[in-house]
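Trainee: This is the structure alone, sequence omitted:
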């Protein structure tokens, strides 16, 4: 059935109450009853009164008719007000008796967790949605969409039985992400198209939302996307009434933790870790002495207070020394406010007894500091005691021929120094190591065969673990380094520290490097001529770092070369440069444990634990049984349904018998509770705003004008008028 456009339509929220219009006959019946015939008895004294009444009979009759009309109108207005009449605007259609498809879209952005009363906005949205269903005529159909990111269709086919549909509303949980309005409109459009043959000729779409600007003023990215967005709204408005139920409040205040992090890329037992929480005031009022607490593994470790001017952010530092290895969780927590979701932030940390680093020596030396790895080992652990005891980094040196004999999963990083060439088997081992989040650092040198590197490690045979291709060795000369404004984190620590000698380092030879095209490879340090000196790239879940020159002075003892490639290993800058390379190489391992809502979590499963059951415990205490999957010889578990913030714990049964913690935090753009002005919305939307959430008035939702309040004001006025007229007419009669 085609919808007929019109300017206005009139209707009633509760038409059955119009049956009480018959009560308007009561004053008329009473009037007629009072005019019934009486037996006349002659009485001499009454003759004088009758004579006076005859003179005023016309006036009295008029007064009686006026009172009768006022009392009858009073009853009519009361009945009409109880039936809640409304006047629909042209944006909606009205056809009495038509069956209606009602698409209920509930805002699932976490700003809906704001609690202005004893209920959150999301709970109010569910209550209003429930009442819309309960007060709809029999025969209407209902669908339910959660406007999240991405949106979720809870009920896609029209539900004709309200009971089951109401259970879906009751069981709906608020995610801790944002709201994607353009994608939600696509889902609504699909629902409307899919219900073409449902027999529901009228369409209504209700958006129950707080009108947060982050959701309702979407960043569309391009003009083409903006045009498509407006066109979709216009198309929807032609086939359905688009009604916004505004549940938001102006001037909402909120303070949130926007980040919790540490700059340390690896943590070891006994080292003090510096962390910081960023706290921001999103409201329009200053917040002084706001409580901030820090918890470690559920135990409170620090309490402090912070002053927050309007719209500003403050860093709250927190230092802690971990005395035991393993997984630890740090939580920053704010004092309570009306939006609790963003008052918590978690940081999952893996603390190790020490870092194990494997150093592969491609050119062993015959004496002290003569091998390809000797200077690297010294730079990794400059304060090493006897047997490396008490050191944060413990390197182990092996010849290149022993690479396949080691289980690389036991090491946090692998340094490959002047290794001549790699076999395909070795390339596969290094590729699998990157997939598990390991770090590779390559130092080149006079033993390196560039063609074999490019073929086995550079992607020519299908495996790529290098961030750049190797070209020829440049002619021997004096080359200087260019820090590229110290933009890269690997060299940023050298900014303003000329005494480290980075820029005065002498380089005589190096391999010309060409970063892999269309990759994430970045040049961290260059030569003054523009050639890369250090190239790094995140590959798989790990990171690969490639130095264009040697990490030793071993060329001095080479029969093929009497001149060292570089003096870098003997320079003061070498130790911090190797330390920064190690930190960058292992940095990806910590980032996998800390993600945002909606991002997947997971980890590789070592071969010895592939048969172990994996149980994931979510923040709300539910247990999910996971089954690892295998791909290219690697076993891995993953979990994508991280729609609520908090700590997720993966528990491994025997023989692994261990647990891993993951922190899932909110993306705090939704913490800004700024609302969009309904006047700025596309004109196709009709906005309904009730002044009091405690008394939801579903019957008038989506109507341009609800008339029952005006009628009640009229009832009040008629009560005063009737009392005044009765007094006035009675006074004149006497």
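Mentor: Received the coordinates, thanks. Here the structure is a predicted model, which is why all the values come from computation and not from measurement.
Trainee: following the helix or strand of the chain with the lowest mean pLDDT, which helix or strand comes up?
Mentor: Least confident helix or strand, the chain: strand 705-706 with a mean of 50, by mean pLDDT, DSSP states H and E. As assigned by DSSP states H and E, the chain's next helix or strand after strand 705-706 is helix 708-733.
Trainee: Please work out the average pLDDT along that following helix.
Mentor: Averaged over helix 708-733, pLDDT sits at 72.
Trainee: got a list of what residue 425 touches?
Mentor: residue 404 (Cβ atoms under 8 Å, 6 or more residues apart in numbering). Yep, even glycine has a C-beta here, placed from its N, CA and C like the rest.
Trainee: per-domain residue ranges of the chain.
Mentor: The chain breaks down into these domains under automatic domain parsing: 9-88+710-733, 100-251+673-702, 255-352, 355-484+501-579, 597-661.
Trainee: Span of the fourth one from start to end?
Mentor: End-to-end distance of domain 355-484+501-579: 12 Å, with Cα to Cα, to the nearest Å as the criterion.
Trainee: which secondary structure element contains residue 644?
Mentor: Element membership for residue 644, per DSSP H and E: none, as it lies in no helix or strand.
Trainee: ok, for it, nearest residue in space, not its chain neighbours?
Mentor: Spatial nearest neighbour of residue 644, excluding adjacent residues (Cβ to Cβ, 6 or more residues apart in numbering): residue 176 at 5.0 Å.
Trainee: My guess is that neighbour contacts residue 667. True?
Mentor: No - in this structure, residue 176 is not within contact of residue 667 by Cβ atoms under 8 Å, at 9.0 Å.
Trainee: which of those two has more neighbours?
Mentor: A count of neighbours by other Cβ atoms under 10 Å puts residue 176 above the other of residue 176 and residue 667, at 26 against 18.
Trainee: What separation do you get for the more buried one and residue 236?
Mentor: Between residue 176 and residue 236 the computed distance is 28 Å (Cβ to Cβ, to the nearest Å).
Trainee: Ok, residue 64 next?
Mentor: Remark: distance between residue 64 and residue 236 (Cβ to Cβ) = 58 Å.
Trainee: For the two, indicate the residue with more neighbours.
Mentor: With neighbours defined as other Cβ under 10 Å, residue 64 and residue 236 compare such that residue 236 has more, 20 against 14.
Trainee: Confirm the more buried one sits in a helix?
Mentor: Yes - counting by DSSP: H, G, I helix; E, B strand; the rest coil, residue 236 falls inside a helix.
Trainee: So which residue is dead centre in this protein?
Mentor: residue 177 (2.9 Å; Cα atoms, centre = their mean).
Trainee: roughly how far out does stretch 526-541 sit from the chain middle?
Mentor: Stretch 526-541 sits 34 Å away from the centroid of its parent chain (Cα atoms, centre = their mean, to the nearest Å).
Trainee: okay, how far is it across that stretch, tip to tip?
Mentor: This stretch, stretch 526-541, spans 25 Å end to end (Cα to Cα).
Trainee: which parts of that stretch are buried?
Mentor: For stretch 526-541, burial by neighbour count (16 or more other Cβ atoms under 10 Å) applies to 526-527, 531-541.
Trainee: Same question for stretch 657-671.
Mentor: Neighbour-count burial for stretch 657-671 flags 660-671 (criterion: 16+ other Cβ under 10 Å).
Trainee: Please list the members of these that lie in strands.
Mentor: Of the buried residues of stretch 657-671, the ones assigned to strands by DSSP state E are 660-665.
Trainee: Specify which member of those residues is nearest to residue 159.
Mentor: Residue 159 has its nearest neighbour among those in residue 664, at 32.1 Å by Cβ to Cβ.
Trainee: re earlier: redo the buried residues of stretch 526-541 as CSV? Include distance to residue 580.
Mentor: CSV is the format used below for those (distance: Cβ to Cβ, whole Å):
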residue, distance to residue 580
526, 16
527, 19
531, 21
532, 16
533, 14
534, 10
535, 15
536, 11
537, 16
538, 16
539, 19
540, 22
541, 20
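Trainee: Which pair in these has the greatest spatial separation?
Mentor: Farthest-apart pair in those is 527 and 541; separation 30.7 Å (Cβ to Cβ).
Trainee: Tell me how far stretch 597-616 lies from the chain's centre.
Mentor: 23 Å.
Trainee: swap that for stretch 251-259, sorry
Mentor: How far stretch 251-259 lies from its chain's middle: 15 Å, per Cα atoms, centre = their mean.
Trainee: With stretch 279-296 instead?
Mentor: For stretch 279-296, the distance to the chain centre is 21 Å (Cα atoms, centre = their mean).
Trainee: what sits up against that stretch?
Mentor: 251-258, 277, 300-316, 318, 320, 328-335, 668, 671-673.
Trainee: In helices, which of the residues you listed fall?
Mentor: Residues from those lying in helices, with DSSP state H as the criterion: none.
Trainee: Which of these fall in strands?
Mentor: Judged by DSSP E, the contacts of stretch 279-296 include 255-258, 277, 300-308, 313-316, 318, 320, 328-334 as members of strands.
Trainee: Filter those down to the buried ones.
Mentor: For the ones in strands among the contacts of stretch 279-296, a burial check counting by 16+ other Cβ under 10 Å picks out 255-258, 277, 306, 308, 314, 316, 318, 320, 328-334.
Trainee: My guess is residue 80 contacts residue 711. True?
Mentor: Yes - the criterion here is Cβ under 8 Å, and residue 80 meets it with residue 711 at 5.4 Å.
Trainee: What residues sit buried inside stretch 129-141?
Mentor: Using 16+ other Cβ under 10 Å as the test for burial, stretch 129-141 gives 129-130, 132-133, 136, 140-141.
Trainee: The nearest residue to residue 311 once chain neighbours are set aside bridge partners, please.
Mentor: Once flanking residues are discounted, residue 311 sits nearest to residue 281: 6.3 Å by Cβ to Cβ, 6+ apart. Residue 281 has the following beta-bridge partners by DSSP bridges: residue 255.
Trainee: follow-up on the earlier one: give me the subset of the buried residues of stretch 526-541 lying in helices.
Mentor: With DSSP H as the criterion, helices contain none of the buried residues of stretch 526-541.
Trainee: mind listing the strands in the stretch 51-200 of the chain by residue range?
Mentor: Under the criterion DSSP state E, counting those that start in this stretch, the stretch 51-200 of the chain contains strands at 85-88, 100-107, 141-147, 152-159.
Trainee: In a markdown table, list those along with distance to residue 204 and mean pLDDT.
Mentor: As requested, these are exported to a markdown table (distance: least, Cβ to Cβ, whole Å; pLDDT from 0 to 100):
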| stretch | distance to residue 204 | mean pLDDT |
| --- | --- | --- |
| strand 85-88 | 11 | 58 |
| strand 100-107 | 5 | 96 |
| strand 141-147 | 10 | 97 |
| strand 152-159 | 12 | 95 |
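Trainee: Poorly predicted segments of the stretch 251-400 of the chain, please.
Mentor: Scanning the stretch 251-400 of the chain for pLDDT under 70 picks out 367, 384-390.
Trainee: In a helix, residue 363, correct?
Mentor: No - counting by three-state DSSP, one finds residue 363 to be coil, located in no helix.
Trainee: For it, which non-adjacent residue is closest in space?
Mentor: Counting by Cβ to Cβ, 6+ apart, the residue nearest residue 363 is residue 372, at 4.1 Å.
Trainee: Just confirm the one you found contacts residue 361, I think it does.
Mentor: Yes - using Cβ under 8 Å, residue 372 is in contact with residue 361, at 5.1 Å.
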